[in-house]
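[1] have a look at this prediction, sequence included:
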Amino acid sequence: MTPPFANYIDTPRLILTNDSTPADLPFLFDLLKGMLGLSDAKSQSQSYNTDTVVEFLREKEKKSKEAQPHGPGYAHYIVRLRQEGNDDSPGIAIGSVAVFCRQADMPTELGYGLLGPYHGKGYGTEAVSAVLRHLRQDLGVAEVCALIRPTNVRSRRLAGKLGLEENGSIKMLGQPGLSSGGVAEYCVFLLPHMERLTADTTWY
């Protein structure tokens, strides 16, 4: 059995907390809406709201535990800036890093995102590298992947900084906000020692 995830991960500028509260829901709504590329009008037309966010995260956790009953499971770290003058107290939420598994024939996956105003400051690299280090060194997880849209140059670049290498692609079914029946092509990033994924299709 894999050891449990840490509740807190500290970096020089950030505190990552493996929890969220009702007060975080508006932030998570804005973050996930941006990651899905949904405009305000489109999110309203699709009834995408904070209740949807709660259901989305619960479903991710449920599927992850089913896919890896003896693996690391599921974690969703809220990325928070350290408060000025109080290094031990988490401040404003700026992003998140999720650890999950989509299905049994896929490895543990990292998903990450930041709010727009915090791009380009190194926060993403700092946060995701800390979670990846925790996975590999503390929990003994040997295989990790990231699935990234081809147009998301920023996330692809970050994956490269983490040591992940692009290795094939996979079809993603059921992604909200897409007109093509909810099907999209994603780039697969793997650690260098890993073999190409056997799965060619997965669910959002």
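    Received, thanks.
[2] what strand or helix carries residue 120?
    Per DSSP states H and E: residue 120 is located in neither a helix nor a strand.
[3] what is the burial count for it?
    Using other CB atoms under 10 Å, residue 120 is surrounded by 10 other residues. (C-beta placed from N, C-alpha, C; glycine too.)
[4] then residue 54?
    Neighbour number of residue 54 under other CB under 10 Å is 15.
[5] can you check the pLDDT for the nearest residue to it once chain neighbours are set aside?
    Leaving aside its sequence neighbours, residue 54 sits nearest to residue 25 (CB to CB, 6 or more residues apart in numbering; 7.2 Å). The per-residue pLDDT reported for residue 25 equals 86.
[6] so which elements touch the helix or strand encompassing residue 25?
    Using DSSP H and E, residue 25 sits within helix 25-36. The contact analysis (3 or more CB pairs under 8 Å, 6 or more residues apart in numbering; DSSP states H and E) places helix 25-36 against helix 50-67, strand 86-100, strand 108-114.
[7] isn't residue 191 right up against residue 146?
    No: counting by CB atoms under 8 Å, residue 191 stays clear of residue 146, with 9.9 Å between them.
[8] contact partners for the nearest residue to residue 127 once chain neighbours are set aside?
    Of all residues not flanking residue 127 in the chain, residue 79 sits nearest, at 4.6 Å (CB to CB, 6+ apart). Residues counted as contacts of residue 79 (CB atoms under 8 Å, 6 or more residues apart in numbering) are 14, 16, 93, 94, 95, 96, 97, 114, 123, 127.
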